[in-house]
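Student: here's my sequence, what's the structure:
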Amino acid sequence: MKQLTLLFVLFCSVSLSAQESVIFGKVVDDAGSPLPGAYVDISQDGAEILASVTDQNGRFRLEAVPLGTYLFRVKYLGFKDLEQEVEVGEKPLYLRSLRLAAASLELNEVEVVGQVLP
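Tutor: Model (predicted):
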């Protein structure tokens with residue numbers, strides 16, 4: 001009986017672990033340089049599911065991702081956001097070097113006025 005119970009528990013744990021996966025990859029700029037500190041997240045129906053920040057080499061890893069379809073986003077100050085739909089299956093999902101394009105910021109003009117003190 002104990003062997004049957006142990007077998008059942010092992011089967012359940014294998015079944016449950018197959019219901020999650022991993023997303024990993026690297027975030028770089030146009031020149032291929034890593035972007036440390038980039039914000040990476042996945043969401044579903046507007047609700048954030050998991051999030052992480054890239055390491056000093058631009059790498060990220062989202063673990064225990066439930067199987068399904070998600071909106072994958074990368075945000076980094078001074079760069080355009082990257083958004084794409086991803087399908088997470090039982091195998092780990094490797095997103096190769098994700099290139100972010102620099103965002104051009106248009107600033108308003110600044111007028112400097114000075115006065116000479118008597």
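Student: now do the helix or strand hosting S21: which elements does it pack against?
Tutor: For S21, the host element (DSSP states H and E) is strand 20-28. If you count contacts as 3 or more CB pairs under 8 Å, 6 or more residues apart in numbering; DSSP states H and E, strand 20-28 packs onto strand 59-66, strand 82-88, strand 93-99. For the C-beta atoms, the positions are set from N, CA and C on the backbone; glycine is no exception.
Student: please identify the buried residues of it?
Tutor: S21, I23, G25, K26, V27, V28 (16 or more other CB atoms under 10 Å).
Student: same check on stretch 70-84?
Tutor: Quick answer for stretch 70-84 (16+ other CB under 10 Å): Y70, L71, F72, R73, V74, Y76, F79, L82.
Student: pick out the residue closest to the middle of this protein.
Tutor: V40 (2.5 Å; CA atoms, centre = their mean).
Student: ok, and the closest non-adjacent residue to that one?
Tutor: Closest residue in space to V40, ignoring its immediate chain neighbours: F60 at 4.6 Å, by CB to CB, 6 or more residues apart in numbering.
Student: wait, what's in contact with that neighbour?
Tutor: F24, G25, K26, V27, A38, V40, S52, V53, T54 (CB atoms under 8 Å, 6 or more residues apart in numbering).
Student: dump the helix or strand hosting I42 to CSV, keeping only the CA atoms.
Tutor: Assessed by DSSP H and E, I42 sits inside strand 39-44. Coordinates of the C-alpha atoms in strand 39-44 are reproduced here as CSV (Å, rounded to 0.1, in the frame of the first residue of the first chain):
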residue,chain,number,x,y,z
TYR,A,39,12.1,45.3,-16.9
VAL,A,40,10.7,42.1,-18.4
ASP,A,41,7.1,40.9,-17.8
ILE,A,42,4.4,38.7,-19.1
SER,A,43,0.7,39.5,-18.8
GLN,A,44,-2.6,37.9,-19.7
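Student: buried ones in stretch 47-54?
Tutor: I49, S52, T54.
Student: next one, pLDDT for the second one please.
Tutor: This points to S52. What the model reports for S52 is a pLDDT of 97.
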